[in-house]
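prediction below, plus the sequence it came from.
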Amino acid sequence: MSAKPSKIRAIKGMNDILPPDTRMWQHVEEVMRRVFSGYGYEQIRTPIAEPTELFRRGVGETTSIVEKEMYSFEDQGGDSITLRPEGTASVVRAYIESGVAQSDPIAGYYYLGPMFRRERPQKGRQRQFHQIGVELLGVAGPLADAEVIAMFSHFLDEVGAQAITLELNSLGCPACRPKYDEALLEYLHEHKKSLCGDCNRRIERNPMRALDCKNSGCKALIDKAPLLGDFWCAECIEHYEAVKRELDLMGIPYMENQRIVRGLDYYMRTAFEFTTDRLGAQNAVAAGGRYDGLVRDLGGPDAPGVGCALGMERLILLLAQFKEEIKRPPVFFAMLGDCAREAIMPELQKLRRAGVRVEWDYAGRSLKAQLKRADRKGAHAVVIAGDDEVAKGEVQVKEMESGEQRAVRIEDLAGHFVKVND
């Protein structure tokens, strides 16, 4: 006798999303599309795989993402390919390659899709994870920063996220950052023996890399490092103050946090995070900022940009703590007999086309078995249709919560449930 084949399991850190969890994901996606399109942004869909050079140049050679976490491989043609670890570089590449950067440089995009980083899997952080993001390209002024922040704040409110705090900072610009980098590098050299190996390797090329280190020893040291705000130039101060004024005008609360940095090389000036105290040490729900040099660095014109992204897995964890499962309770049809099924199926389809979620039992089992299945499905009502009822032109509608049952004419079914669902 041949051996039973072994089970094939999903790759570690790349998880299935099954019902009923997918209902929460769908809820988030529906809110995303409604809110972002309301601000005039349009969806962009980029490939999952990109040339490795895109992320080396766009994300930064010295980042943990490029050094340790990317899924890169050589394809049959000898090209180096990488599964995208983040969304911004791909959006900017498409913005340049499509010609939009030249023909109509002001563009607002939103996106949703899987990203890939080979990190240690943990709660809310997987090797295949999903991001929602927005990018506003071609607008240099602080009002663009405030709009992106306001849009994400609106989205988080609409989706039902609670206990969210907006934290705000400025990373300076090429005019003032070198002076800060010099002061930071001097401080880090003084404490070099206390830094981890990764920080010691990176700080000569980009000392701000140390500010984003997750090593506990480095974090304690960084808490005493020089503050960026002491080095801002007049233009950066003006930009930062204008962002705050606009947020105040829109009634969006925030707190200033000069320890906020971005883990990617392309950010400058405005940096922000939406944080919570309900997800443990990894407290960021969404993060973003301005990246005025990225389009130029990827071969396009000198067009500015600002964006924000969040991890869906982390948002879903947060929503699950505060909100009951998002779902539309179905109407369940218990049809007893072929005559009943043939008479009722057209009405069942009318309800589905009217937007009512409808389920039925495919096996033609007993009424008791079908009522049990309806209960497991969370149905709020069961339509009971037997041959005798159908012969009279009616069905019995049972409300599952109250147990109340009454006769409804078959021709009135669609109106009855559409009215209930409105």
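It's in. Residues are numbered from 1 along each chain as shown.

only C-alpha atoms from now on, for both contacts and neighbour counts.
OK.

in the stretch 301-422 of the chain, where is pLDDT below threshold?
Low-confidence segments of the stretch 301-422 of the chain, defined by pLDDT under 70, span residues 322-328, 419-422.

quick one, phi psi at residue 101?
Backbone geometry at residue 101, expressed as degrees, to the nearest 10, gives phi -60, psi -30.

measure it to residue 246 for me?
With distances defined as Cα to Cα, to the nearest Å, the gap from residue 101 to residue 246 amounts to 27 Å.

neighbour count winner among those two?
Neighbour comparison, residue 101 and residue 246: the larger count goes to residue 101, with 22 against 18 (by other Cα atoms under 10 Å).

what's near enough to touch the more buried one?
By Cα atoms under 8 Å, 6 or more residues apart in numbering, the contact list for residue 101 reads 95, 138, 300-301, 303.

let's see that with 10 Å instead.
Applying Cα atoms under 10 Å, 6 or more residues apart in numbering, one finds that residue 101 lies in contact with 92-95, 107, 137-138, 295, 300-303.

care to break the protein down by domain?
Following automatic domain parsing, one finds the domains of the chain at 21-176+232-322, 331-421.

need those domains in a markdown table (columns: distance to residue 209).
Supplementary listing: the domains of the chain in a markdown table, determined by distance: least, Cα to Cα, whole Å:
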| stretch | distance to residue 209 |
| --- | --- |
| domain 21-176+232-322 | 7 |
| domain 331-421 | 50 |
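
could you work out the most separated pair of the contacts of residue 101?
By the measure Cα to Cα, those have their two most distant members at 94 and 302, which lie 15.3 Å apart.

can I get stretch 232-240 in PDB, CA atoms only?
Included here for stretch 232-240 are C-alpha records, laid out as PDB according to Å, rounded to 0.1, in the frame of the first residue of the first chain:
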ATOM      1  CA  TRP A 232      16.300  73.000  11.300                       C
ATOM      2  CA  CYS A 233      16.800  75.800   8.700                       C
ATOM      3  CA  ALA A 234      14.400  78.700   8.400                       C
ATOM      4  CA  GLU A 235      12.600  77.000   5.400                       C
ATOM      5  CA  CYS A 236      12.100  73.700   7.300                       C
ATOM      6  CA  ILE A 237      10.700  75.600  10.300                       C
ATOM      7  CA  GLU A 238       8.300  77.500   8.100                       C
ATOM      8  CA  HIS A 239       7.200  74.300   6.400                       C
ATOM      9  CA  TYR A 240       6.700  72.500   9.700                       C
END
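
chain center to it: distance?
On the basis of Cα atoms, centre = their mean, to the nearest Å, stretch 232-240 is displaced by 31 Å from the centre of the chain it belongs to.

list the contacts of it.
By Cα under 10 Å, 6+ apart, the list of residues contacting stretch 232-240 from outside reads 140-143, 145, 168-177, 179-180, 229, 231, 241-243, 245, 268-271.

rerun at 8 Å
Residues from elsewhere that reach stretch 232-240 (Cα under 8 Å, 6+ apart): 141-142, 169-170, 172-173, 175-177, 269-270.

ok, stretch 169-180 next?
Taking Cα under 8 Å, 6+ apart as the criterion, the residues outside stretch 169-180 that touch it are 226, 228-229, 231-233, 236, 240, 256-261, 267-272.

just these: which are in strands?
Cross-referencing the contacts of stretch 169-180 against strands under DSSP state E gives 256, 268-272.

and residue 342, that's in a strand?
No. Residue 342: not assigned to a strand; according to DSSP: H, G, I helix; E, B strand; the rest coil it is helix.

run through the helices of the stretch 101-250 of the chain in chain order.
Taking DSSP state H, counting those that start in this stretch, the helices of the stretch 101-250 of the chain run over residues 142-159, 177-190, 197-202, 216-222, 234-249.

strands of the stretch 251-400 of the chain, start to end?
Across the stretch 251-400 of the chain, reading from the start of the chain, the strands by DSSP state E, counting those that start in this stretch fall at 255-256, 268-275, 284-290, 305-311, 331-336, 358-360, 381-386, 394-399.

just to revisit the earlier point, got a PyMOL select line for the buried ones in the contacts of stretch 169-180?
Selection of buried members from the contacts of stretch 169-180 for PyMOL, criterion 16 or more other Cα atoms under 10 Å:
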select buried, resi 226+228+229+231+232+236+240+258+259+260+261+267+268+269+270+271+272
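
let me know the pLDDT of the residue nearest the centre of the chain.
If you average the C-alpha coordinates of the chain and look for the closest C-alpha using Cα atoms, centre = their mean, you land on residue 132, 3.1 Å from that point. Predicted confidence (pLDDT) at residue 132: the value is 97.
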